[in-house]
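> Requesting a structural model of the entry that follows:
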Amino acid sequence: MAKIPGGQFSKELRGKCRFDAIGSLYQHAELSEADLRVAVATDNNDFVIGPIVNSFIFAGKRKPLIKRDRGPYRSDREYLPALMKVELEDKKLLLKLISNKRAAGVQKVHSNEEDSESDEDDLAADVPVIEDTIRWLQEILTSLFSNHMQTKESVLRHHDLNHSNVMVDHTTLEITGIVDWECITTVPAWEDTYPRILQGEDM
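All right, here's what the predicted structure looks like:
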């Protein structure tokens, strides 16, 4: 690439979009008074970093039902425990809902419901391992992210930056815009550069 003029687009984006907190980017006028009290300012007065909105926090039927610390977070050591707690509470709710269904004698009606419940049963069987893993991660978190290793800046992350979301000029092929900015977050640099090959198909 050294022989080709220009620089990597992703590198340019990361270099210019630096923030002092982890969360979601909002226009100042869009936030409620309560959210503005915890929002973190940016270099542009029209925008702030507010409570995070991403698929991990909201995906599925259960997560919207549990209480979540959505930030914004000032450090890795605020951000990661919040994600771990969401996962623990999600699995507790899963076990509770399955227990309630069995106690009520709920019958499976449709084949797709059978598939869904089978998946939930499989996940429920894995809950002890998931909980043990999260608690182990909680114990070593301060070692992984000690005070001198804290992320000082967060970067803007487009969760779906693929060819269909990059608009170009038909003639010159110059980039004219990027679409699909829903659920855009600021994240630590290590999360933004997490190898795609390790993320799996569903990430």
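> Point out where this structure drops to low pLDDT.
By pLDDT under 70, the low-scoring segments of the chain are 1-3, 6-16, 106-117, 148-151, 196-203.
> Which residue ranges of it form strands?
In the chain, the strands defined using DSSP state E lie at 18-19, 23-27, 40-41, 47-50, 154-157, 166-168, 175-178, 185-188.
> for those, which one ends up most surrounded?
strand 185-188 (a mean of 24; mean count of other Cβ atoms under 10 Å). (C-beta placed from N, C-alpha, C; glycine too.)
> What pairs with that one, parallel or antiparallel?
strand 23-27 (antiparallel), strand 154-157 (antiparallel) (DSSP bridges).
> Could you export those strands to JSON lines, including columns for distance to H170?
Converted to JSON lines, the strands paired with strand 185-188 look like this (distance: least, Cβ to Cβ, whole Å):
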{"stretch": "strand 23-27", "distance to H170": "30"}
{"stretch": "strand 154-157", "distance to H170": "27"}
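> Of those strands, which is nearest G105?
With Cβ to Cβ as the criterion, G105 lies closest to strand 23-27 of the strands paired with strand 185-188, at 42.0 Å.
> what does that closest one contact?
35, 39-40, 42, 46-54, 70-73, 156, 183-186 (Cβ atoms under 8 Å, 6 or more residues apart in numbering).
> Can you pull the domain assignment for the protein?
The chain is divided into the following domains under automatic domain parsing: 9-70+151-203, 76-150.
> Show me how far the first one is from its chain's centre.
Translated: domain 9-70+151-203. Relative to the centre of its chain, domain 9-70+151-203 is centred 9 Å away, using Cα atoms, centre = their mean, to the nearest Å.
> Show me what the longest helix along the chain is packed against.
Taking DSSP state H as the criterion, the chain has its longest helix at helix 111-144. Here helix 111-144 touches helix 76-104, going by 3 or more Cβ pairs under 8 Å, 6 or more residues apart in numbering; DSSP states H and E.
> My guess is P188 contacts K152. True?
No. P188 is beyond contact range of K152, at 9.6 Å (criterion: Cβ atoms under 8 Å).
> State the phi and psi torsions of T172.
phi -90, psi -20 (degrees, to the nearest 10).
> measure it to K91 for me?
T172 sits 51 Å away from K91, taking Cβ to Cβ, to the nearest Å as the criterion.
> which residues touch the residue lying closest to R74 once chain neighbours are set aside?
Leaving out its chain neighbours, the residue that sits closest to R74 by Cβ to Cβ, 6 or more residues apart in numbering is A21, at 5.8 Å. Contacts for A21 were tallied using Cβ under 8 Å, 6+ apart; they are 40, 49, 71-74, 154, 186.
> In those, find the pair that's most separated.
Greatest spacing in those, by Cβ to Cβ: R74 and T186 (11.6 Å).
> Next, show the common contact partners of these two.
The contact sets of R74 and T186 overlap at 21-22 (Cβ under 8 Å, 6+ apart).
> If you count surrounding residues, which of T172 and K91 has more?
Taking other Cβ atoms under 10 Å, T172 and K91 do not tie; K91 has more neighbours (19 against 8).
> Sounds good, over and out.
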